[in-house]
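**Q** The following block contains a protein sequence and its predicted model.
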Amino acid sequence: MDPAPAPVPRRPTLDLDPERVGDGLAQLVLTVVELLRQLMEKQAVRRFEEGDLTAEQEDRLGTALMLLDSRMDDLCAQHGLSRDDLNLDLGPLGSLL
């Protein structure tokens, strides 16, 4: 008697609801912006610690980073997201953020 064939795995269904697609796109874009914001912040901290910046540059950079952080909060709230929602699962590599 032949063994029964292995069941065919089900493919995930596509949710093509226009509102949900738009929400997913906003989440993806905000995730990329958050990644860039975090990278800029780390670079700024490194430059602060190395003393590469003048006092004026430090003030401008600090102000710009605070404004960007505040704007990210506004954009997340506008799209019903939290900062915890801004991440990508990269499979075996772990999470993006």
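**A** Structure's in. What do you need? Numbering: from 1, shown residues only.
**Q** tell me the SS of the most centrally placed residue in the chain?
**A** Nearest residue to the geometric centre of the chain (C-alpha atoms, centre = their mean): residue 31, 1.9 Å. Following DSSP: H, G, I helix; E, B strand; the rest coil, residue 31 is assigned to helix.
**Q** helices or strands next to the worst-scoring helix or strand of the chain on mean pLDDT in the packing?
**A** Using mean pLDDT, DSSP states H and E, helix 18-50 stands out as the lowest-scoring helix or strand of the chain, at a mean of 88. On a contact count with 3 or more C-beta pairs under 8 Å, 6 or more residues apart in numbering; DSSP states H and E, helix 18-50 meets helix 55-78. All C-beta atoms are positioned from the backbone trio N, CA, C, and that covers glycine.
**Q** what sits against the residue nearest to the centre of the chain?
**A** 86-88, 96-97 (C-beta atoms under 8 Å, 6 or more residues apart in numbering).
**Q** how close does it sit to residue 25?
**A** Counting by C-beta to C-beta, to the nearest Å, the gap between residue 31 and residue 25 amounts to 11 Å.
**Q** ditto for residue 39
**A** 22 Å.
**Q** Turn the contacts of residue 31 into a markdown table, including pLDDT, distance to residue 66 and secondary structure.
**A** Converted to a markdown table, those look like this (pLDDT from 0 to 100; distance: C-beta to C-beta, whole Å; DSSP: H, G, I helix; E, B strand; the rest coil):
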| residue | pLDDT | distance to residue 66 | secondary structure |
| --- | --- | --- | --- |
| 86 | 88 | 18 | coil |
| 87 | 84 | 22 | coil |
| 88 | 80 | 25 | coil |
| 96 | 81 | 23 | coil |
| 97 | 80 | 19 | coil |
